[in-house]
Each structure stands twice: as C-alpha cells, then as structure tokens.
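[1] Pasting a predicted model and its sequence here:
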Amino acid sequence: MHEAVAGGAWITWDESGRVATLRFTDPNATGVDAAELVDALEHWVGTAGGRFALLGDGAGLSAMDAEYRAVWAEFFGRHRAEATIGVFNLGPMAQVTARMFEQGTGVPVIGFSDEEQARQWLKGFGIGR
C-alpha cells in the first residue's frame with residue numbers, strides 16, 4: 001500500500017486492486033493539495049494503461065476550490081478510458097460537483113451512501129478486490 005499526504009487530504013494506492021482511496025481531514029480542498037495528490041496517483045497508475053479507480057470519501061469535505069477541480073479534471077481527462085470514480089459520504093454541494101465533474105470529464109462518477117457499496121460497484125468493473 002502506498003500513501004501520499006497533501007494539506008488536509010491523503011490518498012492511498014492499493015496496487016493489486018488498482019484502487020486509490022482519497023480521504024480528507026480538512027473541509028477545504030485546494031489546488032495545491034490536488035497537484036500533490038495527482039502527482040502521486042499519476043506515478044502509481046503508470047503508463048502501461050489498465051483500469052483503475054478512485055474511491056473518494058467525502059466525509060468532512062465542504063469545499064473544493066476551482067483549481068482543485070481543474071487539476072483533477074485535467075488528470076481524469078487524460079485517463080477517461082481507464083478510470084472509474086466511486087464516491088461516498090458526500091454532502092449536497094459535493095454531490096452536485098460530482099455530477100458536473102462526470103459530465104465535464106466523461107469519467108463515470110457514482111455516489112453511494114457508504115464505502116462498501118462503492119467498492120462493490122467498482123468490482124463490477126473488475127477493479128478492486
């Protein structure tokens with residue numbers, strides 16, 4: 001398991017399941033945080049292709065600045081063919097942002113009430129364990 005921390009967010013990478021899990025300790029996600037997290041994920045995902053997922057836990061998250069959203073959108077725009085995003089614990093504003101993100105990037109983003117439901121959904125794509 002690999003891990004990267006940036007500001008009030010951290011991301012872990014399960015290489016065998018090809019799932020990155022993103023969690024927050026600060027309610028405000030910034031572009032600086034996103035750049036560090038994306039750098040780590042880009043390294044872990046590699047250049048060989050292959051499906052992977054981001055599993056996002058929105059508990060405690062209340063705001064994502066425009067730069068944060070742009071950094072992630074650029075990353076997923078490059079990986080739309082192999083990426084899937086499952087999110088859970090999203091507040092109302094984050095749910096709206098997730099829908100807009102899906103439309104803007106073309107990457108499937110589905111919200112769930114809990115982590116286990118999100119993980120089961122990802123398994124349907126052959127991602128995770």
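    Everything's here; your move.
[2] for the nearest residue to residue 31 once chain neighbours are set aside, what are its contacts?
    Ranked by C-beta to C-beta, 6 or more residues apart in numbering and with sequence neighbours excluded, the top spatial neighbour of residue 31 is residue 67, at 2.5 Å. Any C-beta I mention is one placed from the backbone N, CA and C, and that applies to glycine too. Contact criterion C-beta atoms under 8 Å, 6 or more residues apart in numbering gives 30, 31, 32, 34 as the residues in contact with residue 67.
[3] Same question for residue 23.
    Per C-beta under 8 Å, 6+ apart, neighbours of residue 23: 9, 10, 11, 57, 59.
[4] quick one: the residue nearest to residue 31 is in a helix?
    Yes: under DSSP: H, G, I helix; E, B strand; the rest coil, residue 67 falls within a helix.
[5] Read off the pLDDT value for it.
    Residue 67 is assigned a pLDDT of 94 by the prediction.
[6] Would you check how far apart it and residue 117 are?
    From residue 67 over to residue 117 the distance is 30 Å, taken as C-beta to C-beta, to the nearest Å.
[7] Residue 89 now?
    In this structure, residue 89 and residue 117 are separated by 11 Å, where distance is defined by C-beta to C-beta.
[8] quick one, which of those two is more surrounded?
    Neighbours were counted for residue 89 and for residue 117 using other C-beta atoms under 10 Å; residue 89 has more, 19 against 14.
[9] That one contacts residue 59, doesn't it?
    Yes: with contacts counted by C-beta atoms under 8 Å, residue 89 reaches residue 59, the gap being 4.0 Å.
[10] Over to the residue of the chain most remote from its centre. Which of the three states is it?
    With distances taken from the mean C-alpha point of the chain and given as C-alpha atoms, centre = their mean, the most distant residue is residue 48, at 19.6 Å. Reducing the assignment to helix, strand or coil with three-state DSSP, the entry for residue 48 is coil.
[11] pLDDT value on it, please?
    Spelled out, the predicted local distance difference test score at residue 48 is 70.
[12] One more: residue 1?
    On the pLDDT scale, residue 1 is placed at 87.
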